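>>> Show me the folded form of this:
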Amino acid sequence: MRYWLLSLCLLCGLARAELPETDWLELMPEEDRQALEAMPEISHDTPEQDSGFYSPGGLRQQDADLPAVMYSSKTVPGLDGKQLRLGGYPVPLETDNSGRSTLFFLVPYPGACIHVPPPPPNQLVLVRYPKGLAIDDIYTPLWVSGQLKVEPVSNDLADAAYALDAADVRVVTEDDL
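Numbers count the residues shown, from 1 in each chain. The predicted structure is shown next:
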């Protein structure tokens, strides 16, 4: 009886264990990663930093001087259907009646909706989370776990190359660091 209880406790502990973190660069094919690494550093000096102005282009802003990798929708087919955990920042799209975000883009860095350039589509993930999450601040990092899909998504704000049906979304805590 004792061994059975110990085994059950171990299984319960494993069931609660989080998936290993997936790095954002793993969402890019190798050729895109190489092109990104070869790029010169991009300046984020934009008018909104001086005036407080929010650019209406959002995640769709484009700069003709940037290389094609900054607009790449190329994906990694082996990630389709994979369960993973990704850390990032929310860009809310839809909320439920309680004001909880049920649909949002997850982006790799905070403020992606106001910086030029925005992340490429293969660095944007549309997150569907029917349970909803209260998002008080888009600068609060999140952990999102669930099944990733190679699924092109386009709306007025952005294009994304991936979508994720989230099983769990939570705020990153100091214990995670």
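>>> element containing the residue nearest the centre of the chain, please.
Nearest to the geometric centre of the chain sits Leu106, at 2.8 Å (Cα atoms, centre = their mean). Element membership for Leu106, per DSSP states H and E: strand 101-107.
>>> roughly how far out does that strand sit from the chain middle?
Between the centre of strand 101-107 and the centre of its chain there are 8 Å (Cα atoms, centre = their mean, to the nearest Å).
>>> The residue nearest to the centre of the chain reaches Leu93, doesn't it?
No. When contacts are counted by Cβ atoms under 8 Å, Leu106 is not listed as touching Leu93 (10.9 Å). C-beta: built from backbone N, CA, C; applies to glycine.
>>> List the buried residues of stretch 88-102.
Using 16 or more other Cβ atoms under 10 Å as the test for burial, stretch 88-102 gives 88-93, 95, 100-102.
>>> Show me the strands in this protein, by range?
For the chain, the strands defined by DSSP state E occupy 21-22, 83-95, 101-107, 125-133, 142-154, 159-171.
>>> could I get the ones you listed as a markdown table with distance to Leu36 and mean pLDDT?
As requested, the strands of the chain are exported to a markdown table (distance: least, Cβ to Cβ, whole Å; pLDDT from 0 to 100):
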| stretch | distance to Leu36 | mean pLDDT |
| --- | --- | --- |
| strand 21-22 | 17 | 96 |
| strand 83-95 | 17 | 97 |
| strand 101-107 | 15 | 97 |
| strand 125-133 | 17 | 98 |
| strand 142-154 | 19 | 97 |
| strand 159-171 | 14 | 97 |
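>>> closest to Leu177 out of the ones you listed?
strand 83-95 (10.6 Å; Cβ to Cβ).
>>> shared neighbours of Leu106 and Leu93, anything?
Residues touching both Leu106 and Leu93 by Cβ atoms under 8 Å, 6 or more residues apart in numbering: Leu126.
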